[in-house]
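> Have a look at this fold, sequence not included:
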């Protein structure tokens with residue numbers, strides 16, 4: 001551009017000024033001058049230099065050049081000459097205002113009557129400086145920049161508020177999210193339709209009246225809905241609670257939300273989002289149960305057995321109390337399958353599993369170790385007591401009238417007497433089990449020989 005020039009000025013620091021003021025004035029400042037008088041521009045730059053601004057300045061002569069320059073370069077402030085013989089009427093000022101848009105606009109004028117001031121204000125001028133009072137320019141620049149910053153912050157705040165209001169309306173109308181408000185004492189103030197449906201109420205009034213009954217939304221009757229949230233915290237940590245529907249059934253809800261404060265910053269209550277997670281938690285419980293349960297017998301599976309043994313060893317090491325492991329092997333399962341079919345074989349496994357459950361205390365664990373092998377973990381039980389439990393299991397099987405008749409081989413081991421790890425404990429019990437099998441085989445052979 002033929003009428004465009006670049007003027008870079010690096011200011012020196014003044015000594016003795018507060019650091020915050022100096023740093024403010026040292027900020028880089030890009031200025032676009034729309035002015036015909038080079039001497040006036042130089043005077044403006046000198047005043048800014050005295051005020052310790054670091055200025056990068058361009059100048060143009062016409063409104064068209066100003067518009068073109070603003071397309072390719074951003075500026076902190078535009079300083080324009082007024083009046084300007086190239087601008088005829090208010091239309092030129094309107095075009096100038098449209099060109100600079102959100103950039104602060106300053107006029108340097110030699111004649112500013114009341115009519116001119118009104119005209120500039122109407123066309124969006126942020127401020128003006130008379131040429132004979134040019135030393136006021138740095139102060140005016142700082143003022144218009146601060147005003148722009150405040151306008152930008154206000155615009156962003158309004159934008160955030162609109163976004164927040166939009167999200168709140170979307171949540172209130174979303175059928176998957178129950179939303180309610182309560183005051184600082186935890187009293188329910190308002191609810192959305194989704195929460196009414198979730199709890200089985202037909203109207204807000206019905207829920208508000210029903211909430212006086214203990215247990216519907218228990219936390220609201222005794223203070224804030226989330227105990228870990230203090231009034232000072234605006235965002236609350238999610239938590240799960242049990243609520244009661246109108247029909248008395250229980251549901252699990254996940255609560256999240258925020259504290260609400262009034263215009264003076266005083267805590268005024270909570271806005272809570274409630275999500276019904278009953279089905280999700282039920283499914284998770286089922287999956288956890290499936291992961292630790294033998295699908296045929298309903299006993300603990302191999303994985304769960306090892307977890308229980310690990311926990312019992314840790315507890316025994318802390319308390320010094322022993323526990324015992326009983327291994328059981330269902331005799332003749334292959335023969336039963338071959339003779340009566342696999343359904344009968346499966347039924348035999350379930351019969352033994354039921355007897356193990358009948359012989360268990362609440363703290364005991366019965367498990368299917370795999371195939372025809374079973375295990376019984378007996379916390380705080382000696383070898384002698386565990387052997388008595390094994391004899392009882394054998395007796396109950398012998399008294400079972402269902403065909404075919406069942407029997408088991410049993411091995412018992414105690415921790416820490418017989419072993420110091422899970423592997424050695426299982427090995428000790430397994431060795432005792434096969435010792436019983438060999439003893440039975442020798443007895444059967446002796447009987448046939450006689």
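Ah, there it is. Bear in mind the structure is a predicted one, so any value in this text is a computation, not a measurement. Residues are numbered from 1 along each chain as shown.

> for the lengthiest helix in the chain, which positions count as buried?
When the chain is parsed with DSSP state H, its longest helix is helix 137-173. Neighbour counts over helix 137-173 (16 or more other Cβ atoms under 10 Å) mark 137, 138, 140, 141, 142, 144, 145, 148, 171, 172 as buried. Any C-beta I mention is one placed from the backbone N, CA and C, and that applies to glycine too.

> quick one, helices of the protein?
Secondary structure of the chain (DSSP H): helices located at 19-25, 38-50, 63-72, 89-100, 114-122, 137-173, 193-199, 204-210, 278-292, 302-319, 333-340, 342-358, 383-399, 422-449.

> export those helices to CSV and tack on mean pLDDT and distance to residue 251?
Listed next are the helices of the chain as CSV, based on pLDDT from 0 to 100; distance: least, Cβ to Cβ, whole Å:
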stretch, mean pLDDT, distance to residue 251
helix 19-25, 45, 57
helix 38-50, 90, 68
helix 63-72, 84, 60
helix 89-100, 67, 59
helix 114-122, 57, 62
helix 137-173, 78, 19
helix 193-199, 87, 7
helix 204-210, 76, 14
helix 278-292, 85, 5
helix 302-319, 94, 29
helix 333-340, 90, 45
helix 342-358, 93, 31
helix 383-399, 93, 41
helix 422-449, 84, 40
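
> quick revisit: which two in the buried residues of helix 137-173 are spaced the farthest apart?
Farthest pair in these (Cβ to Cβ) is 137 and 172. Separation: 52.0 Å.

> per-domain residue ranges of this protein.
When the chain is parsed with automatic domain parsing, its domains come out as 5-150, 174-277, 293-445.

> now those as TSV including distance to residue 156?
Formatted as TSV, these follow (distance: least, Cβ to Cβ, whole Å):
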stretch	distance to residue 156
domain 5-150	11
domain 174-277	19
domain 293-445	54
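
> With respect to residue 284, which of the ones you listed lies nearest?
Across those, closest to residue 284 is domain 174-277 (Cβ to Cβ), at 9.1 Å.

> which strand of this structure spans the most residues?
Longest strand in the chain, counting residues (DSSP state E): strand 250-261.

> the inter-axis angle of it versus helix 278-292?
Taking axes from the mean of the first three to the mean of the last three Cα atoms, to 10 degrees, one finds strand 250-261 and helix 278-292 inclined to each other by 120 degrees.

> quick one: buried residues of strand 250-261?
Result for strand 250-261 [16+ other Cβ under 10 Å]: buried residues 251, 252, 253, 255, 257, 259, 260.

> Check stretch 98-114 too.
So, applying 16+ other Cβ under 10 Å, buried residues of stretch 98-114: 99, 100, 103, 104, 105, 106, 107, 108, 109, 112.
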